[in-house]
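J.: my questions are about this predicted structure, shown below with the sequence.
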Amino acid sequence: MTQGANPKAVRLVMELRQAGIHDVRVLGAIEKVPRDLFVPPLFQDRAYENVALPIGHNQTISQPEVVAFMTQALEVGDRHKVLEVGTGSGYQTAVLARLCRRVFTIERHRALLQEADQRFAKLRRHNITSRFGDGTKGWPEQAPFDRILVTAAAATLPQRLIDSLGEGGVLVAPIGEERREQQLVRLRRQSGQILTEEMGPVRFVPLVAGLPRERPGLSGPE
Ligand code: SAH
């Protein structure tokens, strides 16, 4: 069965085009991923607005424009093996999964990861492998990666992630302190060297090393 285009998603893609997103593969993926599935019930009516929304545990589903910009900056190809650090709602993961061979994604909040996994199952996306853990440590068993996307901001990029990038690989990450100016940076490993480019200012929740304390029966802010 073929489904017609979602008019709200089509409108969102038009907005993203106007905002300067030009990669047609990226725009196509955004049009096809149902963002309403990744947004909590309270914000359903805003699911296709170009805004970040809360998903619990002090985290947010990223603004579609930022997801599109980062995905475009990552230059994802359909043969690529991709590592994502910070699954969150899983929205960015689902967009990546439409564009590459396999996505490995890590999240340090168990509850968020469980919800994201349910969404991946509903979408019947079989090229996503997820793990609960601290993404600053990378995913050594699966390294090297062709592409690495970090969706939370670190003051400095963990060396383990840079080391996990294969030759010709690209890593995109927000760098900077919480509530301060952050820069989206793109690293490229070329002939054994790391080339760095600044892609513009962004604002992300922090990349936190280690895991939150889990207290059965209580749900804290973390
Ligand atoms: N791209 C996501 C938004 C991610 S928000 C989306 O579209 O929904 C950033 C996520 O990174 C949060 O869920 C946060 O819990 C997670 N995170 C922060 N530090 C982390 C770490 N060290 N390892 C894994 N996940 C981390």
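T.: In hand now; what should we look at?
J.: so what's the residue nearest in space to the middle of the chain up against?
T.: Nearest to the mean C-alpha position of the chain, counting by C-alpha atoms, centre = their mean, stands Gln92 at 3.9 Å. By C-beta atoms under 8 Å, 6 or more residues apart in numbering, the residues touching Gln92 are Ser62, Val67, Met70, Thr71, Glu84, Leu149, Thr151. Yep, even glycine has a C-beta here, placed from its N, CA and C like the rest.
J.: distance of the residue nearest to the second one when sequence neighbours are not counted from Val33?
T.: Counting by C-beta to C-beta, 6 or more residues apart in numbering, the nearest residue to Val67 once its immediate chain neighbours are dropped is Gln92, at 5.1 Å. Taking C-beta to C-beta, to the nearest Å as the measure, Gln92 falls 9 Å from Val33.
J.: again with Thr151
T.: In this view, Thr151 and Val33 are 15 Å apart by C-beta to C-beta.
J.: Ser164 is in contact with Lys137, isn't it?
T.: No. Using C-beta atoms under 8 Å, Ser164 makes no contact with Lys137, being 9.7 Å away.
J.: who's more crowded, the two?
T.: Ser164 (20 against 15; other C-beta atoms under 10 Å).
J.: ok, the more buried one - contacts?
T.: So Ser164 contacts Leu83, Gly138, Trp139, Pro140, Ala143, Pro144, Phe145, Ile148 (C-beta under 8 Å, 6+ apart).
J.: please redo it, this time with the cut-off set to 7 Å
T.: Leu83, Gly138, Ala143, Pro144, Phe145, Ile148 (C-beta atoms under 7 Å, 6 or more residues apart in numbering).
J.: now, which of these sits nearest the ligand?
T.: Comparing those against the ligand with C-beta to the nearest ligand atom places Gly138 closest, at 10.0 Å.
J.: neighbours of the closest one, just the number please.
T.: 25.
J.: quick one: pLDDT of it?
T.: In this model, Gly138 is scored at 97, pLDDT.
J.: next: Glu181.
T.: Predicted confidence (pLDDT) for Glu181: 86.
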